[in-house]
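Trainee: Give me a 3D structure for the following:
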Amino acid sequence: MAIPSTGVKAKILATLRKKPMSVSELSRRMKMRREFVSGYLEAMRNEGKIEVVTVGRSKVYRQKR
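Mentor: Modelled structure (predicted):
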């Protein structure tokens, strides 16, 4: 059964509230494909809900402060 878009966004925010994560880490934790998680993260970044920080060669996403 598919989770509605708002449910996925809420789950991502709740997860990032606990700990900033990379797309790979977040997709493993949520049991979703990286491509889907990346799309949601990009949309949420455009909405101003999350921000991305470059750590070495990785991008880490966190809830916007």
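
Trainee: mind listing the strands for this protein?
Mentor: Under the criterion DSSP state E, the chain contains strands at 50-55, 58-63.

Trainee: Would you tell me which one of those is buried the most?
Mentor: Most buried of those by mean neighbour count (mean count of other C-beta atoms under 10 Å) is strand 58-63; its value is a mean of 16. C-beta here means a position set from N, CA and C on the backbone, and glycine is covered the same way.

Trainee: Now do that strand against strand 50-55: the angle between them, please.
Mentor: 150 degrees (axes from the mean of the first three to the mean of the last three C-alpha atoms, to 10 degrees).

Trainee: Show me what strand 58-63 is packed up against.
Mentor: For strand 58-63, the packing partners by 3 or more C-beta pairs under 8 Å, 6 or more residues apart in numbering; DSSP states H and E come out as helix 5-18, helix 23-30, strand 50-55.

Trainee: repeat that for 10 Å
Mentor: Contact here means 3 or more C-beta pairs under 10 Å, 6 or more residues apart in numbering; DSSP states H and E; on that basis strand 58-63 packs against helix 5-18, helix 23-30, helix 34-46, strand 50-55.

Trainee: Is it possible to get a markdown table of the ones you listed that adds distance to residue 64?
Mentor: Output for the helices and strands packed on strand 58-63, formatted as a markdown table (distance: least, C-beta to C-beta, whole Å):
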| stretch | distance to residue 64 |
| --- | --- |
| helix 5-18 | 9 |
| helix 23-30 | 16 |
| helix 34-46 | 9 |
| strand 50-55 | 5 |
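
Trainee: which one of these has the lowest average pLDDT?
Mentor: Lowest mean pLDDT within these: helix 5-18, at a mean of 91.
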